[in-house]
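Visitor: A predicted structure for the sequence below; I have some questions about it.
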Amino acid sequence: MPSTDSPHVADYRDDPLGYTANPDTHLTSAFSAPASGLNDSPDVWSVVILSSREDVETLASSIDAARAAVAGRHVVIDVMVNGNARLAEQIAARFAAPASASSASATIRVWSLVMPDKANAWNQYVHHVWPGASVTFFVDGYASANVDALDRLADALDSSKRALAAAAVPSVGRSAAALRDLMMKEPQINGSLYALRGETVRALRSEAVRMPIGLYRQDGLLGSALMFGLDPVAHPWDPDHIVVASGASWTRRVESVWNVRDLANNLDRMKRQALGRFEALAIREHFVDLKLAPSRLPETNAAFLSSWMRRHAAKALTTIARYPFALPALVRLRRTAALSVPKKGHPTLMSLIGRPADVPRRHLADDAP
């Protein structure tokens, strides 16, 4: 069972029910549902890069690394920029330039989302932008996948038939070695780089699974949902649903204590990580205690955490005392709850570089919730 020390997975270590894998358990039929209008070819991959705070050079490096990792393949790379219209415009112009466009081996689509929220960007991609693929790779905008990382993730899925997802491991940073060792012992998703089977994405779509808007621990929630096969009533916790590819990793720029922007980002990260402590408790209750399907998650993180705090007031107070940085994050979450208005969440296509004929003809209006 996952440990509370992991920053990415809800804590199931103390679960008295003792969930274990059951090889004979069959997953919900959603995992084999047909993908009408989507590309199901086993040779087709898709990549999504989720970005918001990065500068142009960092995001461009992530895109270039993804292009290098999929060289020679038919791939659609979607860049989802949330809450940063200027960055979306700059990166669209950069890759639309003749030199970049002529060398593109993949179709690149740059999207701009008004709502500054990664969970919403993930929802929009999965339910409205995903072009269909046998494997889809999720990359954070600051991460540059190693040239062999995507192949290693795909190979891990091929060799682990029960796996619904494959996770890459960190290789940069002070805690990278410890987290890598933990992931090998307790399989989990790291949001910087992971892969989902096409069947998994189709199941998420057909089961109407969406991240609560404002959620920080998206990888922890997704990993927990997949471990239970999207249905904690029908399926026990099964760690074989996530395979960790020990050879797949990424690089990123190392932050400096002398850089004002890095210091500000680190402070904001500390607040969000403190908020994540509350999210881990709410995730545990949702799946383990209440045995609710991920489709039953509230629309917003504010509603998700408020509901948990009302039921566990004493635990909430002790958690705030232990992680005081969570308090301003909780206040901000309540103030920004109005951002969840669906009309503010849809992406705008800024540019399409590559071969438009290769992208399925799907329209956002047809997928509106």
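Guide: That came in fine, so what should we check first?
Visitor: and the longest helix anywhere in the chain, what does it pack onto?
Guide: Longest helix in the chain by number of residues, with DSSP state H as the criterion: helix 260-284. The contact analysis (3 or more CB pairs under 8 Å, 6 or more residues apart in numbering; DSSP states H and E) places helix 260-284 against helix 218-227, helix 301-311, helix 313-322, helix 326-335. No exception for glycine: its C-beta is placed from N, CA and C like everyone else's.
Visitor: What residues of it count as buried?
Guide: Residues of helix 260-284 classed as buried: 271-284 (neighbour count, 16 or more other CB atoms under 10 Å).
Visitor: Please apply the same query to stretch 226-235.
Guide: So for stretch 226-235, counting by 16+ other CB under 10 Å, buried means Leu226, Met227, Phe228, Gly229, Leu230, Asp231, Pro232, His235.
Visitor: I'd like the mean pLDDT over that stretch, please.
Guide: For stretch 226-235, mean pLDDT rounds to 96.
Visitor: Could you tell me the end-to-end distance of it?
Guide: End-to-end distance for stretch 226-235, by CA to CA, to the nearest Å: 10 Å.
Visitor: could we number from 358 for the rest of this?
Guide: Shifting the count to begin at 358 puts that one at stretch 583-592.
Visitor: Check the offset of it from the chain's centre.
Guide: Relative to its parent chain, stretch 583-592 has a centroid offset of 19 Å by CA atoms, centre = their mean, to the nearest Å.
Visitor: likewise stretch 599-611?
Guide: Worked out by CA atoms, centre = their mean, stretch 599-611 lies 14 Å from the chain centre.
Visitor: returning to that earlier point: could the buried residues of helix 617-641 go into CSV alongside distance to Val401 and pLDDT?
Guide: What follows is those, written out as CSV (distance: CB to CB, whole Å; pLDDT from 0 to 100):
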residue, distance to Val401, pLDDT
Lys628, 39, 72
Arg629, 34, 71
Gln630, 36, 75
Ala631, 40, 73
Leu632, 37, 84
Gly633, 34, 80
Arg634, 39, 89
Phe635, 39, 91
Glu636, 34, 94
Ala637, 35, 93
Leu638, 39, 94
Ala639, 36, 95
Ile640, 32, 96
Arg641, 36, 95
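Visitor: Nearest to Glu543 among the buried residues of stretch 583-592?
Guide: Nearest to Glu543 among the buried residues of stretch 583-592 is Met584, at 10.5 Å by CB to CB.
Visitor: So which residues of the stretch 508-657 of the chain form strands?
Guide: For the stretch 508-657 of the chain, the strands defined by DSSP state E, counting those that start in this stretch occupy 522-524, 550-554, 599-601, 607-608.
Visitor: follow-up on the earlier one: which of the helices and strands packed on helix 617-641 is buried the deepest?
Guide: By mean neighbour count, with neighbours taken as mean count of other CB atoms under 10 Å, helix 575-584 ranks first of the helices and strands packed on helix 617-641 at a mean of 26.
Visitor: Lowest-scoring secondary structure element of the chain by mean pLDDT?
Guide: helix 721-724 (a mean of 41; mean pLDDT, DSSP states H and E).
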